[in-house]
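Chemist: got a predicted structure plus its sequence, pasted below:
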Amino acid sequence: MSEQPWYVEFFGEDYLRLYAPILTPERTAQETADIVDRLGLPPGAKILDLCCGHGRHSIPLAHLGYQVTGQDLSGVFLDKAAVAAAETGVEVRWVQGDMRHVPFEAEFDAVINIFSAFAYLESQAEDQQVLAQVHKALKPGGLFLMEIVHRESLMRRFTPSSVSRYPDGLIVLEERYFNLLTSRMEVTVTMLYSTGARTEYSHAMRIYSLTELAGMMEAAGLHLEATYGGLDGSALMLDSHRMVLLARKPQDG
């Protein structure tokens, strides 16, 4: 059994295969437009896509004229992102690194963190460190946009297991356990191939409430300005599947 944290191994080719049915080009295009709307920044502004993955939002944002930096831990993702950016003729600065260490200071007009790319780490103190790094990387007055799963809705529709069947014969079993003491969702993913082979992954993340995240942002010096039930700017309700927070680094911060 590997001694590496799950997030070192999970984000690779199999992850892209697992999420391909839902991370469609149409969804990405709409999310990118919504990100632009939520930030309200003109082309030319500098944006850090923290935990950028394979550049799903970084590249279209660069196409819109933003100066984009994408940071991610996964070398597999960053290699794919670099190839995709080159093929589409845009320039993005790619940086490989852990989100606990953002190697920039007062550089960005906005930092974005999209598709629950937060709360993977082993403790709340480490998640707090990430927010401190976001604060450091932002210019005074800069914005932080986070999009994450909504705890209240997740609890209302929690299911301990599910089975998904893919057109190529792949069957994916997910088994979920929510630890009430730690507020962590622990998931085992089993990929069953038509050949009879199987691959298993585990992943886990802290499921924060809005109250907790708001307090953590304030502790990091980020003032919460708005909350939404999605990147589209809809109202945050109990049944909203997603939660979006928009915070700002003060001008004197």
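Modeler: Looks like it came in fine.
Chemist: in the sheet, who's paired with residue 175?
Modeler: Beta bridges link residue 175 to residue 161, residue 188, judged by DSSP bridges.
Chemist: can you pull the pLDDT of it?
Modeler: On pLDDT, residue 175 comes in at 98.
Chemist: ok, now the one 3 residues further on?
Modeler: In this model, residue 178 is scored at 97, pLDDT.
Chemist: before we move on, what SS does the closest residue to it other than its chain neighbours have?
Modeler: Counting by C-beta to C-beta, 6 or more residues apart in numbering, residue 185 is the residue found nearest to residue 178 once chain neighbours are left out, at 5.4 Å. From N, CA and C alone the C-beta is placed, and that goes for glycine too. Three-state assignment for residue 185 (DSSP: H, G, I helix; E, B strand; the rest coil): strand.
Chemist: let me see the contact set for residue 185.
Modeler: 154, 176, 177, 178, 179, 204, 205, 207 (C-beta atoms under 8 Å, 6 or more residues apart in numbering).
Chemist: am I right that the first one is in contact with residue 208?
Modeler: No - Residue 154 lies out of contact with residue 208 (C-beta atoms under 8 Å); the separation is 11.0 Å.
Chemist: okay, helices next: where are they in the stretch 101-250 of the chain?
Modeler: Along the stretch 101-250 of the chain, the stretches classed as helices by DSSP state H, counting those that start in this stretch are 124-137, 151-156, 210-219.
Chemist: indicate which one of these is closest to residue 26.
Modeler: When those are compared by C-beta to C-beta, helix 151-156 sits nearest residue 26, at 23.0 Å.
Chemist: state the mean pLDDT of that closest one.
Modeler: Rounded mean pLDDT across helix 151-156 is 96.
Chemist: from the chain's centroid, how far away is that helix?
Modeler: 18 Å (C-alpha atoms, centre = their mean, to the nearest Å).
Chemist: that one packs against which elements?
Modeler: Helices and strands touching helix 151-156, as assessed by 3 or more C-beta pairs under 8 Å, 6 or more residues apart in numbering; DSSP states H and E, are absent.
Chemist: can you do 10 Å?
Modeler: Applying 3 or more C-beta pairs under 10 Å, 6 or more residues apart in numbering; DSSP states H and E, one finds that helix 151-156 contacts strand 171-179, helix 210-219, strand 242-248.
Chemist: need those in TSV with mean neighbour count and distance to residue 23, can you?
Modeler: Formatted as TSV, the helices and strands packed on helix 151-156 follow (neighbours: other C-beta atoms under 10 Å; distance: least, C-beta to C-beta, whole Å):
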stretch	mean neighbour count	distance to residue 23
strand 171-179	14	15
helix 210-219	16	24
strand 242-248	22	14
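Chemist: hang on, the earlier thing: tell me, what's touching residue 154 and residue 208 both at once?
Modeler: Common neighbours of residue 154 and residue 208, using C-beta atoms under 10 Å, 6 or more residues apart in numbering, are residue 243.
Chemist: and those two? Which one has more around it.
Modeler: Using other C-beta atoms under 10 Å, the more surrounded residue of residue 154 and residue 208 is residue 208, with 20 against 15.
Chemist: leaving out the residues flanking it, which one is nearest to the more buried one?
Modeler: Nearest residue to residue 208, sequence neighbours excluded (C-beta to C-beta, 6+ apart): residue 119, at 6.0 Å.
Chemist: out of the contacts of residue 185, which comes closest to residue 43?
Modeler: residue 205 (33.4 Å).
Chemist: and the residue lying closest to the closest one once chain neighbours are set aside, how many neighbours?
Modeler: The shortest distance from residue 205 to any non-neighbouring residue, by C-beta to C-beta, 6+ apart, is to residue 119 (4.7 Å). Using other C-beta under 10 Å, residue 119 has 21 neighbouring residues.
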